[in-house]
Every structure is written in structure tokens, then in C-alpha cells.
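J.: Mind folding the following:
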Amino acid sequence: MLNQTQWLSQLPALAGIAYLFAVAPRLAVIDLRERRLPNRLVLPGFPVALLGQLVAVAINPATAQQLLNALMAGLVAFGLTLIANIRFGLGMGDVKLFVLIALSLGWFSPWLVAAVWVFASMTGVLQVGVSALRARTLRLRGTIALGPHLLAGFVLAACLAAWMAIAGSGG
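T.: The predicted model follows:
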């Protein structure tokens, strides 16, 4: 359990999460309309997240392990989604978005990152199933915009992390 000073020292590490919350609506709309996630919205999140995490470590060096956890989460997310890009056609925008989500949430728990992917996969399959029922066919054609599913999973995981932090602090 974190005391108030430890908790406050980690506030800068929320920068990546705050950035994602700020751009999520625009990213979701663009991905639904155009099937792309623009670099101009996704890529700035990387230095924002990293800078926030580095500031948190500078304030409280005991959080260095959390920075390492975030970097590892981002690296694993990149490796796995790059494989999905090469083998299964996952878009590179989805790869970059998921790596940013992993970097931002990995600071708090790698399990949150896994939860995002599971949630996005479940809601994506649900969308495909509903589309198949509407079309009255099992033939799958076209693509789905995965970005909104990743972003919804991110919001759910971030809220879960906040709830756990509040419950764990006794507040």
C-alpha cells in the first residue's frame, strides 16, 4: 500500500494515460471512418509517457522498477503485435497504439496491458459476430477498426487501475 507521499510522487507517471484519454475520442472516430490511426496523434504519446515516468523516477528513485516494468511491457507489446502485423495483417497504427497503451499502463501493472488486449479481442469478435448475424452469413469479409476496441479496453483498464489505487490507499 502506498502512503500519500509515495502516491503523489507517482502522479507524473500518469502523463501517458492522460494523453491517451485526451486523444482517444479523435483516434476512435478517425479509425472508424478511415481505418487508420494517425501518427500525429499516436506518436507524441511516447515522449509524454516516458517523460512523465522519468520525472516520477527522479522524484522517487524507488519507482525505477516500475519504469523498467513499463519499458518491458512496451517491448513485449511491440514484439507480439509486430508478429500479428506480419502474420495476420494487424495494422501498424494498431501496433503503435497498443505499444503506447502498454508503456502507459505497464508502469502500474503488466496485467492491465493483458486485460486491454483481452477486452479488445472480445469486443472485436463480438462486433464480427453481430455483423455476421446481420448479414445472415458466416462469410467474413473486410476489416474492423481495432483502435476503438483497444481504446475502450484501455479506458476500462485505466479505470480499474484507479479503482484499485483508491481501494488500496484506504480512500
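
J.: Grab the most central residue of the chain for me.
T.: Geometric centre of the chain, nearest residue: Ile101, 2.4 Å, by CA atoms, centre = their mean.

J.: Return the residues in contact with that residue.
T.: The neighbourhood of Ile101, defined by CB atoms under 8 Å, 6 or more residues apart in numbering, consists of Leu20, Ala77, Val113, Val116, Leu150, Gly153, Phe154. Any C-beta I mention is one placed from the backbone N, CA and C, and that applies to glycine too.

J.: any idea which of the residues you listed has the most stuff around it?
T.: The most crowded member of those is Leu150, carrying 30 neighbours; neighbours defined as other CB atoms under 10 Å.

J.: picking up where we left off before, could you measure from the residue nearest to the centre of the chain over to Ala64?
T.: Between Ile101 and Ala64 the computed distance is 22 Å (CB to CB, to the nearest Å).

J.: Identify, from the contacts of Ile101, the entry nearest to Val125.
T.: Nearest to Val125 among the contacts of Ile101, counting by CB to CB, is Gly153 at 12.9 Å.

J.: Now that closest one: which helix or strand?
T.: helix 147-168 (DSSP states H and E).

J.: Much appreciated, bye for now.
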